[in-house]
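J.: sequence and predicted structure below; questions after.
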Amino acid sequence: MAHHVFITGGGTGIGLATARALAPTGARFTLVGRDGARAASAAEEFENAQGLSCDVADEASVAAAFIAARDRYGPIDILINNAGITPSAPLDRMDLSMWNQTLAINLTGAFLCSRAALEDMYHKKWGRIVNVASIAGLQGAAYISAYCASKHGMIGMTRALAKEAARKGVTVNAICPGYVETDIVTRAAENIASKTKLSEDEAKASLYAKNPQGRLITADEVASAIAWLCSDGAAATNGAAIPMSGGEV
């Protein structure tokens, strides 16, 4: 039977690319995002998919989304925790609301969704959880201390849950890309350009200057790695944090 795949941040970027990568397997999709209309529009691309509004940082919203997902396509087999934000500020100028919101969406959201999906996976004795982390979860970077903290936390949670789930047929892994060619990077470049003398192109180039390949990672490349982690061929890969940064990490 085709797997039911639940993807947060599923309306665009890595989330949507992942759905496209898994579509040839015949999977059924629940794509969720804060912008429910965008998620619904993305879902129209696939034969068996629905798009829902969901605030992953809100426990009640997550619970409602999982109920709606199961009502339509049954138990969750695969969870892709992709929702995230990337605010930036020097730590001494960062307000508490920015810190809390970043951890709530990037880390607590992954916790809430993982907890919601595990009941189905444990019952079936099969499941895949893939957390979209970042090389910022493997090393530090200036001006994104909240983001780094959230992604380090996500990788720690990945490794801990992988130990818990290992004998229950469930694998839990993290993908750690460098800067990916998505709307988030475009907005980051615009933000840099607005605060410096750099053009948007120069600002974007500054983001991937440390990548030995001298380029941004594509969403399709990340999605391809995620699709492999969801396959039966990746059954022995558990608790991994896989860098995708052209050799930067």
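T.: Noted; the coordinates are in hand. Residues are numbered from 1 along each chain as shown.

J.: and the spatially most central residue of the chain, how far from Glu59?
T.: Within the chain, one residue has its C-alpha closest to the average C-alpha position: by CA atoms, centre = their mean, that is Asn82, at 1.7 Å. In this structure, Asn82 and Glu59 are 19 Å apart, going by CB to CB, to the nearest Å. All C-beta spots, glycine's among them, are computed from the backbone N, C-alpha and C.

J.: mind naming the longest strand for this structure?
T.: Secondary structure assigned by DSSP state E gives strand 170-177 as the longest strand of the chain.

J.: what about dumping the CA coordinates of it to PDB?
T.: What follows is strand 170-177 as a C-alpha-only set of coordinates in PDB (Å, rounded to 0.1, in the frame of the first residue of the first chain):
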ATOM      1  CA  VAL A 170      11.200   3.500  12.700                       C
ATOM      2  CA  THR A 171      14.300   5.500  11.500                       C
ATOM      3  CA  VAL A 172      14.900   9.100  12.400                       C
ATOM      4  CA  ASN A 173      17.500  11.100  10.400                       C
ATOM      5  CA  ALA A 174      18.400  14.700   9.700                       C
ATOM      6  CA  ILE A 175      19.500  16.400   6.500                       C
ATOM      7  CA  CYS A 176      21.800  19.300   7.000                       C
ATOM      8  CA  PRO A 177      22.000  21.500   3.800                       C
END
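
J.: pLDDT of the helix or strand just after it, averaged?
T.: Sequence-wise, the next helix or strand beyond strand 170-177 is helix 183-195, with elements assigned using DSSP states H and E. Rounded to a whole number, the mean pLDDT of helix 183-195 is 76.

J.: domain map for the protein?
T.: With automatic domain parsing serving as the domain definition, the record reports that the chain contains domains spanning 4-178+218-244, 180-216.

J.: if we can go back for a sec, tell me which other helices or strands the longest strand of the chain touches.
T.: helix 109-124, strand 127-132, helix 145-165, helix 219-229, strand 241-244 (3 or more CB pairs under 8 Å, 6 or more residues apart in numbering; DSSP states H and E).

J.: what do you get if the cut-off is 10 Å, keeping everything else the same?
T.: Counting by 3 or more CB pairs under 10 Å, 6 or more residues apart in numbering; DSSP states H and E, the packing neighbours recorded for strand 170-177 are helix 13-22, strand 78-81, helix 109-124, strand 127-132, helix 145-165, helix 219-229, strand 241-244.

J.: could I get the phi/psi values of the residue lying farthest from the centre of the chain?
T.: Within the chain, Lys197 marks the point farthest from the mean C-alpha position, 32.0 Å out by CA atoms, centre = their mean. The phi and psi values for Lys197, taken as degrees, to the nearest 10, are phi -90, psi 10.

J.: residues in contact with it?
T.: Counting by CB atoms under 10 Å, 6 or more residues apart in numbering, Lys197 touches no other residue.

J.: same check, this time on Ile217
T.: Under the criterion of CB under 10 Å, 6+ apart, the contact partners of Ile217 comprise 14, 135, 177-182, 185, 208, 211, 244-246.
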